[in-house]
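Undergrad: Structure, please.
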Amino acid sequence: MLIEIMAAAGGEEVKNQFGFWEAMEQGGPIAWAIFGVLVIMSVGSFYILFTKLFEQQKVMNQYKDTRSKFWRAGSIDEGATKLEKNSAWRQLVDDAREAKSEHAKMTDDVEAHDWLHGSMARSEAAINAKLAGGLPFLASVGATAPFVGLLGTVIGIYRALINIGLAGSASIDKVAGPVGEALIMTAIGLLVAVPAVLAYNWLQSRNRRIAAMLSGFSNELMANITSNGAVKPKVMTATSTQAAGKAAATKPTTATAARPATTTTTTTTKPKA
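TA: Below is the predicted model of the structure:
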């Protein structure tokens, strides 16, 4: 832009011979190979971002249905039929039922709670590992993409310096253009790395929230099984949620009104001699 403005002011038309496509044409197969690797990294990062986001949102939405439908059933076997097949929550319930059945067949004196706890922990670990699939690729892209782009920049600068040496001229107009052109690869590497790092951290935080939900549901399942159905979490309905919200909103006002507004004055009486 600056070159064009200066050329217009001087009345001469100067063609910009530096740019992205010029750098790729002059860089040859190495530049195209590095650019191809960065494109693959970027496409893979966005593919993992959206697929994992949809997968996590599906698990979170299923959790709401589990809280509202599963615990309304008369038994765990009946509740399992109300959950979606191949869902994370159905897998936890099926593993809990299987662990209960296997414990009944054991002849050793093994505590039911310990056996259930170990079985549920393995089930949670399997679900969390599946949810974390693909995230190492995002971490690898975030860590290596700037270096891949830097490799393209180093090769571009090397090529530019060789050409300048062969031309026998090292003036600023001969150096600045090729070196600036080579920095395009570093910029592309950073453009690939930054979204990958942000996506990795965001998806990891959502996975931690899902892991907390899985752990809570597992504890409720174990309590229900070991108590033969006597312990069951309270199911929040729409009416009870609204009533709880109104109670929470009116509670501070009531407490303030019930507080006495009088002040207490303390007097000290000297003892008579």
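Undergrad: contacting residues for residue 222?
TA: Residues near residue 222 by CB atoms under 8 Å, 6 or more residues apart in numbering: 96, 113, 116-117, 120. Using the backbone N, CA and C atoms, a C-beta is placed for each residue, glycine as well.
Undergrad: repeat that for 7 Å
TA: Neighbour list for residue 222: 113, 116-117, 120 [criterion: CB atoms under 7 Å, 6 or more residues apart in numbering].
Undergrad: Just the buried ones from those residues?
TA: By neighbour count, with 16 or more other CB atoms under 10 Å, the contacts of residue 222 hold 116-117, 120 as buried.
Undergrad: Those in helices, which ones?
TA: 116-117, 120 (DSSP state H).
Undergrad: for those residues, which one is nearest residue 230?
TA: Distance to residue 230 across those (CB to CB) is lowest for residue 116, with 15.7 Å.
Undergrad: quick one: low-confidence ranges for this structure?
TA: Along the chain, the model assigns pLDDT under 70 to residues 1-19, 27, 108-110, 169-178, 235-273.
Undergrad: Repeat the analysis, applying 50 as the threshold.
TA: Across the chain, residues meeting the criterion (pLDDT under 50) sit at 1-3, 5-7, 9-11, 241, 244, 248, 252-273.
Undergrad: Now distance to residue 145 too, for the ones in helices among the buried ones among the contacts of residue 222, in TSV please.
TA: Listed next are these as TSV, based on distance: CB to CB, whole Å:
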residue	distance to residue 145
116	45
117	42
120	39
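Undergrad: Which of the residues you listed sits closest to residue 86?
TA: Among these, residue 120 lies closest to residue 86 (CB to CB), at 18.4 Å.
Undergrad: Settle this for me: the closest one is touching residue 217, isn't it.
TA: No - using CB atoms under 7 Å as the test, residue 120 is too far from residue 217 to be in contact (9.3 Å).
Undergrad: Which neighbours do the two have in common?
TA: Joint contacts of residue 120 and residue 217 (CB under 7 Å, 6+ apart) are residue 92.
Undergrad: Flag every buried residue along the stretch of helix or strand residue 113 belongs to.
TA: Using DSSP states H and E, residue 113 falls within helix 112-131. Of all the residues in helix 112-131, those buried under the rule 16+ other CB under 10 Å are 115-117, 119-120, 123-124, 127-128, 131.
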